[in-house]
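Participant: Below is the structure, and that's it, no one-letter string:
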């Protein structure tokens, strides 16, 4: 047996090493995320979160299911501690949570397998995977989700390995953390079937007393208390019980996306593409082997079965949840994919260390780091190859291009350290519409404008509107009567682009009284009887 502690069962020395090594790995990954962190305000949901955190807005405008109250509370508290630009501080919160998650994932895998090298391979794959890395450097809820899921995993491993008569408290703590995660993102609800089945089996095997179930239920309820309080408050304010429950489970508009969707072959192919995007490396092929080995190994079987159960439920949900950002709802599946890859590396690499290629650490490390290189090259290659650009445009240009944003780099390259496109666009749009023009924005572009108006106080006289949503500054609805009133009073009216707002643009053209004139970065709406300015 080789004496290298990176491959062998943990000796007393390597147990000491495994205590501080997770923190070192977390710091190194945190440094990577800091160097690739988005520098300021962002597009779409990330910009919305930056605005909601500034406003301490726990409810949002999309329904309770998309409110993410724990994230708002913790991110707001984080911004009070850290100096710097507010949007950057919110982005940094994601980086800190994601780096902490990587450290805990590593600690859990080392404890479970008693091997350090496979855990290093797994966390390297996860840290550099497209969705995880992308959401670690922008304002998003998934860094906190990953941190709490990693803590759930760690507590499950501690329970599994504990011989104490009070070991049930590890599971009580797990349910408490899962409740907190539910207050952050409802993806955490998908963990519960696996946890409940596992816990009932533990009761049946008399490893824990049935009375402990009461404490677990109480812990879950306490953890999810913030979300439960929001539901109670909404009902107490006059919202109907059924409507509130729908809002809590689906949001305002997404019930039909969550239930009743049957995936077809096209959807399955897209889902395969999501996994290839996150793990463009041959190591991805090891995931099925890792599942097989883990479920046959009595030392890790029960824990691996729970993780496989969570992964399965999450996969079925995400597969049926057909929304433009469907790829992100496979987030827990990406996490457990690298877990099972790590378990496969631990099994295959140690079975025949003199023959298996997995024993060559340089090869495995290169394959684990390969995605970072691919993400840098792919946007350049696509831009230069016409048929690839056509395919990418179909997949990425949903609603049309955004002025000033490099579509391929923005969506295919996780790092965001050089991306100030949202701020540049919003500032140019406000300057164009000042002092009191009306900008009719879409979901992607409205939030950077709101941020500059509310957080930085730029051009607050400009009106911003989108349907009946909340807007920065004064209220204006983008109906044709509002457009007429603004133009009649001598104020300018702008839309983002005819391609991004095709319905509104068609309504304007159908009137026969308006024309759209490009005025970068927007389009100005003018009356036909007025000369172009």
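Facilitator: In hand now; what should we look at? The structure presented is a predicted model; accordingly, all values stated were derived computationally and were not measured.
Participant: per-residue confidence for residue 9?
Facilitator: Looking at residue 9, its pLDDT reads 42.
Participant: Residue 195 contacts residue 172, correct?
Facilitator: No: Residue 195 lies out of contact with residue 172 (C-beta atoms under 8 Å); the separation is 11.5 Å. Just so you know, the C-beta spots here come from the backbone N, C-alpha and C atoms, and that holds for glycine as well.
Participant: where in the stretch 301-450 of the chain is pLDDT low?
Facilitator: The stretch 301-450 of the chain contains residues with pLDDT under 70 at 349-359.
Participant: Mind checking what helix or strand follows the worst-scoring helix or strand of the chain on mean pLDDT in sequence?
Facilitator: In the chain, no helix or strand scores lower on mean pLDDT, DSSP states H and E than helix 255-258, which sits at a mean of 61. Using DSSP states H and E, the next helix or strand after helix 255-258 towards the C-terminus is helix 265-278.
Participant: remind me, longest helix of the protein?
Facilitator: In the chain, taking DSSP state H as the definition, the longest helix is helix 86-113.
Participant: name the helices or strands packed onto that one?
Facilitator: helix 12-35, helix 44-55, helix 69-81, helix 117-127, helix 130-136, helix 142-161, helix 331-351 (3 or more C-beta pairs under 8 Å, 6 or more residues apart in numbering; DSSP states H and E).
Participant: For those helices, give me CSV that also has distance to residue 231.
Facilitator: Below are these laid out as CSV (distance: least, C-beta to C-beta, whole Å):
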stretch, distance to residue 231
helix 12-35, 34
helix 44-55, 18
helix 69-81, 11
helix 117-127, 33
helix 130-136, 26
helix 142-161, 20
helix 331-351, 24
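Participant: nearest to residue 362, of those?
Facilitator: For residue 362, the closest of the helices and strands packed on helix 86-113 is helix 117-127, at 12.1 Å, according to C-beta to C-beta.
Participant: Please identify the most buried of the helices and strands packed on helix 86-113.
Facilitator: Comparing these by mean neighbour count (mean count of other C-beta atoms under 10 Å), helix 117-127 comes out on top with a mean of 27.
Participant: Spatially, what comes nearest to residue 445 if we skip its sequence neighbours?
Facilitator: Closest residue to residue 445 apart from its sequence neighbours, by C-beta to C-beta, 6 or more residues apart in numbering: residue 496 at 5.2 Å.
Participant: Would you confirm that the one you found contacts residue 441?
Facilitator: Yes: at 5.8 Å, residue 496 and residue 441 qualify as touching, with contact defined as C-beta under 8 Å.
Participant: May I have the phi/psi pair for residue 376?
Facilitator: Residue 376 has phi and psi values of phi -70, psi -40 when expressed as degrees, to the nearest 10.
Participant: ok, the closest residue to it other than its chain neighbours - how many residues close by?
Facilitator: Nearest residue to residue 376 in three dimensions, chain neighbours excluded: residue 413, at 6.6 Å (C-beta to C-beta, 6+ apart). Residue 413: 23 surrounding residues under other C-beta atoms under 10 Å.
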